[in-house]
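K.L.:
Below: sequence and its predicted model.
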Amino acid sequence: MTDAPNGPRDVTVIQHPLVQHKLTLMRQKATSTGEFRRLAREISLLMAYELTRDLPLETAAIETPLEPMQAPILSGKKLCIVSILRAGDGLMEGMLDLVPSARVGHIGLYRDPETLVPVEYYLKLPDDVSERLVIVVDPMLATGHSAAAALARLKQAGAEQLRFACLLAAPQGVDVVTSAHPDVPVFTCSVDRELDEHAYIRPGLGDAGDRLYGTK
Ligand SMILES: O=P(O)(O)OC[C@H]1O[C@H](OP(=O)(O)OP(=O)(O)O)[C@H](O)[C@@H]1O
Ligand SMILES: O=c1cc[nH]c(=O)[nH]1
Ligand SMILES: [Mg+2]
């Protein structure tokens, strides 16, 4: 998906069969909290693989046990993963499994159930966030207000190169984020049909935070 009525936008729907299969398991209401959390970790590792697919490489001189060689190593900015609390933490561990040296930031946002306006309650970022490629993670992109606010806050804190990753997006959430932040590539495993009257994604998977942590 690259074209929209209001111009080109950078949205990748991750079609890998393992991702799609795990997402189906996560959507099912019979999936337990423990299983949901395990699947979130597995799927986010696979998402991280797609999110980092185009990282630049250079060559370095190394020595294998048998001979010297020129071998590829990462050459671009180091990574920072920022979780939008609390559900974003469900995608954090799998990404860190793949990129264990990444720095981690947290932004606490909850969506006011009446107004749907995101309310910030916490922010902790690495000091060098401006020098890193920042991957912002949150399972759900519904109205898009939380993601747009988080990205704005990170830019205010100095972040210059950002990507946003979610499990599920609603069409209007994609519109909101790509309009407010056309410089931020969006990665999702599905763009679902619609938002319902409570701004829940349909068909969706329910409340990601509650399903991850068993709070309902
Ligand atoms: O696109 P939006 O309409 O802003 O909605 C998406 C937000 O809602 C959920 O968080 P929630 O407010 O439920 O907080 P939680 O993670 O603490 O459960 C979700 O994890 C997103 O952060
Ligand atoms: O469907 C939705 C929408 C917002 N937040 C969720 O957890 N699920
Ligand atoms: Mg929630």
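P.N.:
Structure received. Ligands and ions are numbered 1, 2, ... in the order given.
K.L.:
Need the single longest helix in the protein, by residues.
P.N.:
Counting residues, the longest helix found in the chain (DSSP state H) is helix 33-51.
K.L.:
any idea which helix or strand of this protein has the worst average confidence?
P.N.:
When each helix and strand of the chain is scored by mean pLDDT, DSSP states H and E, strand 3-4 comes last, with a mean of 45.
K.L.:
about what we covered before: for the longest helix of the chain, name the packing helices and strands.
P.N.:
Under the contact definition 3 or more C-beta pairs under 8 Å, 6 or more residues apart in numbering; DSSP states H and E, helix 33-51 sits against helix 17-27, helix 89-98, strand 133-137, strand 161-169, strand 186-191, helix 208-213. (Glycine included, C-beta is placed from N, CA and C.)
K.L.:
let's go with 7 Å and repeat that
P.N.:
On a contact count with 3 or more C-beta pairs under 7 Å, 6 or more residues apart in numbering; DSSP states H and E, helix 33-51 meets helix 17-27, helix 89-98, strand 161-169, strand 186-191, helix 208-213.
K.L.:
Just want the angle from that helix to strand 161-169.
P.N.:
140 degrees (axes from the mean of the first three to the mean of the last three C-alpha atoms, to 10 degrees).
K.L.:
Quick check: mean pLDDT of helix 33-51?
P.N.:
The pLDDT scores in helix 33-51 average 98.
K.L.:
Noted, bye for now.
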